[in-house]
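Peer 1: sharing a sequence plus its predicted fold:
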Amino acid sequence: MTQTFAEKIAHAQDFLPINGTDYVEFYVGNAKQAAHYYKTAFGFQSLAYAGPETGLRDRASYVLQQGKIRLVLTTALKSDHPISEHVRKHGDGVKVLALWVDDAFKAFEETTKRGGRPYQEPLVLNDESGELRMAGIYTYGETVHMFIERKNYHGVFMPGYRAWESEYNPEDAGLLYIDHCVGNVGWNRMNETVEWYEKVMGFVNILSFDDKQINTEYSALMSKVMSNGNGYSKFPINEPAEGKKKSQIEEYLEFYEGEGVQHIAVATNDIVKTVRALRSRGVEFLSAPPEGYYNMLPERVGRIEEELAPLRELGILVDCDEEGYLLQIFTKSVEDRPTLFFEIIQRKGAQSFGAGNFKALFEALEREQELRGNL
Ligand code: FE2
């Protein structure tokens, strides 16, 4: 009998309790403009700012919020800076997947003693709003997990940041929380990475897809989903597989110049409304699957509450598992390098990741790859 999601994650170890995603930090070439893009296009709100005006001499960070999602956009102010190096090599991309924990020092101790490589030694930050503790370890590539403990902190974001009051406050787009963040790793690195999440973080592998299940005429990939014990933290991992042509994972690895975050999936309660709002603000989505996809839907996923016409019009995909169904759609890359993109997801019981859509999705991705001359 197939195990439910709850049964699968019950085996996770509890030495690293996680309350959810705290924030995702991007290193970018121009944080001021990136912040404007995420406000305008995705409907994020201004939350906090740190930079020269708050005593930070070498960088500027803009914190944006929508629902429970916090994005931090950080840029260095001089070329001779690790952040500038990161941007020069990878382009704009995700540096930090921060996890909200009750005890950051213990999280650091438990993970480093199991082999986690330190990135940030345990640190206490104070201001008039209290005390915030943090620590961090490396995961794949140059990406890091920070552990953030804020139970004794009541400020707007973190010591060092001030509230960012802006006169420009575009309406939100109904984005609620981060559902999962996917990483791309290099050839033959899947098992190592999966073992790392098991051993160092106490996560469990809840789903696996091999290249027989995820392939198109041209390319293939493998994917394994890692989850913590309460399911609040889910990190699917992709590895390229041999195909006739270059896979989208290989293209990512080539242009990101290494392993890194491929996509961030954000949840909504009304995907049709959210996608309409995002499109009207200039967010670009992958092209819709062929007509046949929607004709097959009732047969493939059974009855759904949504009307088919708007799904078809917007190119929203539907998949199901034993626990229900889900609706999802993927943006094009949000920078010129074909690297990071976003997924918008609405879960209606399903706890899986849309494997039934992988083929339609990858064919859409390959149409983009071909236009770039990278297939
Ligand atoms: Fe996803």
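Peer 2: Now that the structure is in, tell me what you want to look at.

Peer 1: on contacts alone, who are the packing partners of the host helix or strand of residue 200?
Peer 2: Element membership of residue 200 [criterion: DSSP states H and E] is helix 190-201. Contact here means 3 or more Cβ pairs under 8 Å, 6 or more residues apart in numbering; DSSP states H and E; on that basis helix 190-201 packs against strand 204-209, strand 220-227, strand 234-241. Just so you know, the C-beta spots here come from the backbone N, C-alpha and C atoms, and that holds for glycine as well.

Peer 1: nearest to residue 144, out of these?
Peer 2: Comparing these by their distance to residue 144 (Cβ to Cβ), the top pick is strand 234-241, with 12.9 Å.

Peer 1: angle of the closest one against strand 204-209?
Peer 2: Angle of strand 234-241 versus strand 204-209, following axes from the mean of the first three to the mean of the last three Cα atoms, to 10 degrees, is 40 degrees.

Peer 1: give me the residues contacting strand 234-241.
Peer 2: Under the criterion Cβ atoms under 8 Å, 6 or more residues apart in numbering, residues 97, 140, 179-190, 193-194, 197, 203, 206-207, 210-211, 214-215, 219-228, 247, 249-250, 253, 262, 353 lie in contact with strand 234-241.

Peer 1: each with direction, which strands does that strand pair with?
Peer 2: Using DSSP bridges, strand 234-241 pairs in its sheet with strand 175-184 (parallel), strand 220-227 (antiparallel).

Peer 1: residues contacting the helix or strand following it, please?
Peer 2: Going down the chain from strand 234-241, the next helix or strand is helix 248-256, by DSSP H and E. The contact list for helix 248-256 (Cβ under 8 Å, 6+ apart) reads 90-91, 93, 141, 184, 186, 219, 221, 238-240, 259-260, 262, 337-339, 362, 365-366, 369, 372, 374.

Peer 1: so which residue of the stretch 151-300 of the chain comes closest to the ion?
Peer 2: residue 265 (4.3 Å; Cβ to the ion).

Peer 1: now do the end-to-end distance for stretch 224-241.
Peer 2: One end of stretch 224-241 to the other measures 13 Å (Cα to Cα, to the nearest Å).

Peer 1: and it with the ion, contact?
Peer 2: No - using Cβ under 5 Å from the ion, we find that stretch 224-241 stays clear of the ion, coming within 6.3 Å at best.

Peer 1: for that stretch, buried residues please.
Peer 2: 224-229, 231-241 (16 or more other Cβ atoms under 10 Å).

Peer 1: helices and strands around the helix or strand harbouring residue 361, which ones?
Peer 2: Taking DSSP H and E as the definition, one finds residue 361 inside helix 358-371. Contact analysis of helix 358-371 by 3+ Cβ pairs under 8 Å, 6+ apart lists helix 248-256, strand 324-330 as its packing neighbours.

Peer 1: of the contacts of helix 248-256, buried ones?
Peer 2: By 16+ other Cβ under 10 Å, those give 90-91, 93, 141, 184, 186, 219, 221, 238-240, 259-260, 262, 337-339, 362, 365-366, 369, 374 as buried.

Peer 1: how about the helices of the stretch 51-200 of the chain, start to end?
Peer 2: With DSSP state H, counting those that start in this stretch, the ranges of helices along the stretch 51-200 of the chain come out as 82-90, 104-113, 190-201.

Peer 1: ok, the residue nearest to residue 116 when sequence neighbours are not counted - how many residues close by?
Peer 2: Spatially, and ignoring its direct neighbours in sequence, residue 116 is nearest to residue 137 (3.8 Å; Cβ to Cβ, 6 or more residues apart in numbering). By the criterion of other Cβ atoms under 10 Å, residue 137 has 21 neighbours.

Peer 1: so residue 137 touches residue 144, yeah?
Peer 2: Yes - using Cβ atoms under 8 Å, residue 137 makes contact with residue 144 at a distance of 6.6 Å.

Peer 1: and the residue nearest in space to the middle of the chain, what element?
Peer 2: Of all residues in the chain, the one closest to the mean position by Cα atoms, centre = their mean is residue 264, 2.3 Å from it. Residue 264 is part of strand 260-268 when elements are defined by DSSP H and E.

Peer 1: about what we covered before: got the strands paired with strand 234-241 as a markdown table, with mean pLDDT columns?
Peer 2: As requested, those are exported to a markdown table (pLDDT from 0 to 100):
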| stretch | mean pLDDT |
| --- | --- |
| strand 175-184 | 97 |
| strand 220-227 | 89 |
